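Asks: Sharing a model prediction with you, sequence too.
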Amino acid sequence: MNCDLRMVYEHLMCDAFKCERGSYPFVNADCYDGIMKHTAETVAYIETALIVLAGNEPSKREKIQKYICMIGDADNRNAELADTVLCGIYNDGIVY
């Protein structure tokens, strides 16, 4: 993969919730490190952040919606799904 998933996760949370790193327990790259133990929760954080970000960033809404649907349509909310979404939003320029 060509992106640091931990940092993409952290930037997504900070951008969506307009806060600093560590403002909330889930707004921290370290939270992503525990994805194998808390996969469903981590994917839910990502989905929620994308929904909020879509509301905050109308110019990116269409691109973001693709990833919200990807999560919503998934049969299994696993670490691979989270990785795919995070890498996708990075590659699409939604989060840097």
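Replies: Structure's in. What do you need?
Asks: Residue 81 and residue 38, how far apart?
Replies: 14 Å (C-beta to C-beta, to the nearest Å). In this view, the C-beta of every residue, glycine as well, is placed from N, C-alpha and C.
Asks: Mind telling me what element the closest residue to residue 19 other than its chain neighbours is part of?
Replies: In this structure, residue 19 finds its nearest non-sequential neighbour in residue 27, 5.8 Å apart by C-beta to C-beta, 6 or more residues apart in numbering. Using DSSP states H and E, residue 27 sits within no helix or strand.
Asks: ok, residue 27 - how many residues close by?
Replies: Burial of residue 27 is recorded as 21 neighbouring residues (other C-beta atoms under 10 Å).
Asks: try the one 10 residues further on
Replies: Applying the criterion other C-beta under 10 Å, we find 8 residues in the vicinity of residue 37.
Asks: For the longest helix anywhere in the chain, C-alpha coordinates in PDB please.
Replies: Scanning the chain for the longest helix, with DSSP state H as the assignment, gives helix 39-56. Taking C-alpha atoms only, helix 39-56 is exported to PDB below (Å, rounded to 0.1, in the frame of the first residue of the first chain):
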ATOM      1  CA  THR A  39     -12.600  -4.100  14.100                       C
ATOM      2  CA  ALA A  40     -16.300  -3.400  14.200                       C
ATOM      3  CA  GLU A  41     -15.900  -0.300  16.400                       C
ATOM      4  CA  THR A  42     -13.000   1.000  14.200                       C
ATOM      5  CA  VAL A  43     -15.000   0.600  11.000                       C
ATOM      6  CA  ALA A  44     -18.000   2.300  12.700                       C
ATOM      7  CA  TYR A  45     -15.700   5.200  13.600                       C
ATOM      8  CA  ILE A  46     -14.500   5.400  10.000                       C
ATOM      9  CA  GLU A  47     -18.100   5.300   8.600                       C
ATOM     10  CA  THR A  48     -19.300   8.000  11.000                       C
ATOM     11  CA  ALA A  49     -16.300  10.200  10.200                       C
ATOM     12  CA  LEU A  50     -17.000   9.900   6.500                       C
ATOM     13  CA  ILE A  51     -20.700  10.800   7.000                       C
ATOM     14  CA  VAL A  52     -19.700  13.900   9.000                       C
ATOM     15  CA  LEU A  53     -17.000  14.800   6.500                       C
ATOM     16  CA  ALA A  54     -19.400  14.500   3.600                       C
ATOM     17  CA  GLY A  55     -21.600  17.100   5.400                       C
ATOM     18  CA  ASN A  56     -18.600  19.400   6.100                       C
END
